[in-house]
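S.K.: Pasting the sequence and the predicted model now:
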Amino acid sequence: MPELPEVETVARGLQLTVAGRRIMSVTLGKTDFIDDPDALERHLPGTLIEKVERFGKFMLMRLSKHQNEQENRDASGGSLLVHLGMTGHLSAHAATEPFPKHTHVRFLLDDGRELRYTDARRFGRMAYLVADRLPDELGRFGADPLEITEHEFAALLKSRNSRIKALLLDQSALRGIGNIYADESLWGARIHPMRIAAKLSAKEARTLRAALQKVLREAIALRGSSISDFLDADGQPGEYQRRHRAYGREGKNCYRCKTPIRRTIVAGRSSYFCPKCQPGPRSVKRPGKRKKHVTPKGKRTS
DNA sequence: CTCGATCCCTGGACGC
DNA sequence: TGCGTCCAGGGATCGA
């Protein structure tokens, strides 16, 4: 499941292998995950791949058009956004090499290779954007978790009454975090996924930001996590899955306190946490009181 | 504002 | 071996 570290890994790989190449032609298979398939066929042929970078969980390919300016002039300065969804792969191969099943997009490059997008489940997304539309599109996303300042992070948490796990997964709040790195960073910061973001202490906010950045940086250094079938632009798996402390470890002992890791559903996602290291919101052990059955329904306005 | 439910999609795990 | 069933999950959408 490509999240920030995996997408960063792929983007760096593509920057090395396809930046500077020109797209000669476009061949499409199934297109239900592409915003406007015709736009790809119209605008991409002839464009130069200037740069490949990551934006949240998106791959951002910046394109330009040096020759053939007479046609497709609105393609200059355009960008191709690619989201890998759950099972997306983007990598270059010799055009003569047979392409695997579920290969839905092929860009023939000017050096005889083909940049291919393969995605069995088609949870990914692809969109060609003219320069004018890019700011609006990117503006819908929140801060990059590796760039956000301590102050901004604290303010963001204070502004949300949602569970911290839901906030971490909300791409309009922070861009690039998915289920794995949300759980890993919460484990690192010893914060229960159901805690309310606005109720975290200033210290907890600092700890969480630090844990998040540490986890993401280490994951990038290890080229991401390969859980099911993530492969980088060179077809190589990542190594960070070996460092997981919470994600996917239900029933296994916590690395800190040996308590079995538990799994619950938060924000509609499996959430793994240590019930001892990451105490729940209102389960703060009170020796005297037994089940008080308090159901804080919150004030009903209107 | 925040939540859960539902849908999209396919492959892999599991039970019989 | 081969079914059927369930599940995974990012994101959009809708109703509560």
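M.R.: Looks like it came in fine.
S.K.: Counting by contacts, list what the longest helix seen in chain A packs against.
M.R.: Secondary structure of chain A read by DSSP state H shows that its longest helix is helix A:202-221. Under the contact definition 3 or more C-beta pairs under 8 Å, 6 or more residues apart in numbering; DSSP states H and E, helix A:202-221 sits against helix A:4-17, helix A:150-158, helix A:179-189. (Glycine included, C-beta is placed from N, CA and C.)
S.K.: Just the buried positions in it, please.
M.R.: Under the neighbour-count criterion of 16 or more other C-beta atoms under 10 Å, helix A:202-221 has A:204-205, A:207-209, A:211-213, A:215-216, A:219-220 buried.
S.K.: pretty sure A:Tyr247 contacts A:Leu186?
M.R.: No: assessed by C-beta atoms under 8 Å, A:Tyr247 is found out of contact with A:Leu186, at 10.1 Å.
S.K.: Pick out whichever of the two has more residues nearby.
M.R.: More crowded of A:Tyr247 and A:Leu186, by other C-beta atoms under 10 Å: A:Leu186, with 29 against 23.
S.K.: Grab the nearest non-local neighbour of that one.
M.R.: Nearest residue to A:Leu186 in three dimensions, chain neighbours excluded: A:Pro193, at 5.5 Å (C-beta to C-beta, 6 or more residues apart in numbering).
S.K.: Could you report the neighbour count for that neighbour?
M.R.: 26.
S.K.: Run through the residues that contact it.
M.R.: Contacts for A:Pro193 (C-beta atoms under 8 Å, 6 or more residues apart in numbering) come out as A:163-165, A:182-183, A:186, A:264, A:266, A:271, A:273, A:278.
S.K.: which regions of the stretch 51-200 of chain A sit below the pLDDT cut-off?
M.R.: Across the stretch 51-200 of chain A, the ranges flagged by pLDDT under 70 are A:66-76.
S.K.: near DNA strand B, which residues of it show up?
M.R.: Neighbours of DNA strand B within the stretch 51-200 of chain A, by C-beta under 7 Å from any atom of the strand: A:101-102, A:120-123, A:160-163, A:166.
S.K.: what's the farthest-apart pair in those?
M.R.: The distance between the two most remote of those (C-beta to C-beta) is 44.9 Å, for A:Lys101 and A:Asn161.
S.K.: Tell me which of those two has more neighbours.
M.R.: Using other C-beta under 10 Å as the criterion, A:Lys101 and A:Asn161 rank with A:Asn161 on top: 11 against 7.
S.K.: Does the more buried one belong to a helix, a strand or coil?
M.R.: Here A:Asn161 is recorded as coil under DSSP: H, G, I helix; E, B strand; the rest coil.
S.K.: Tell me who's in contact with it.
M.R.: Taking C-beta under 8 Å, 6+ apart as the test, what A:Asn161 contacts is A:196-198.
S.K.: which among these end up buried?
M.R.: Counted by 16+ other C-beta under 10 Å, these give A:Ala197 as buried.
S.K.: Tabulate the contacts of A:Asn161 (JSON lines), appending secondary structure and distance to A:Gly238.
M.R.: Listed next are the contacts of A:Asn161 as JSON lines, based on DSSP: H, G, I helix; E, B strand; the rest coil; distance: C-beta to C-beta, whole Å:
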{"residue": "A:Ile196", "secondary structure": "strand", "distance to A:Gly238": "33"}
{"residue": "A:Ala197", "secondary structure": "helix", "distance to A:Gly238": "29"}
{"residue": "A:Ala198", "secondary structure": "helix", "distance to A:Gly238": "34"}
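S.K.: Is it possible to get a markdown table of the contacts of A:Asn161 that adds distance to A:Cys254?
M.R.: Converted to a markdown table, the contacts of A:Asn161 look like this (distance: C-beta to C-beta, whole Å):
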| residue | distance to A:Cys254 |
| --- | --- |
| A:Ile196 | 23 |
| A:Ala197 | 23 |
| A:Ala198 | 27 |
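S.K.: Tell me the residues of chain A that contact DNA strand C?
M.R.: A:1, A:3, A:56-57, A:83, A:85-87, A:121, A:123, A:169, A:171, A:178-180, A:268-270.
S.K.: Out of those residues, name the ones that lie in strands.
M.R.: Counted as lying in strands by DSSP state E, out of these, are A:83, A:269-270.
S.K.: and which of those is nearest to A:Ala19?
M.R.: Out of these, the member with the shortest distance to A:Ala19 (by C-beta to C-beta) is A:His83, at 19.5 Å.
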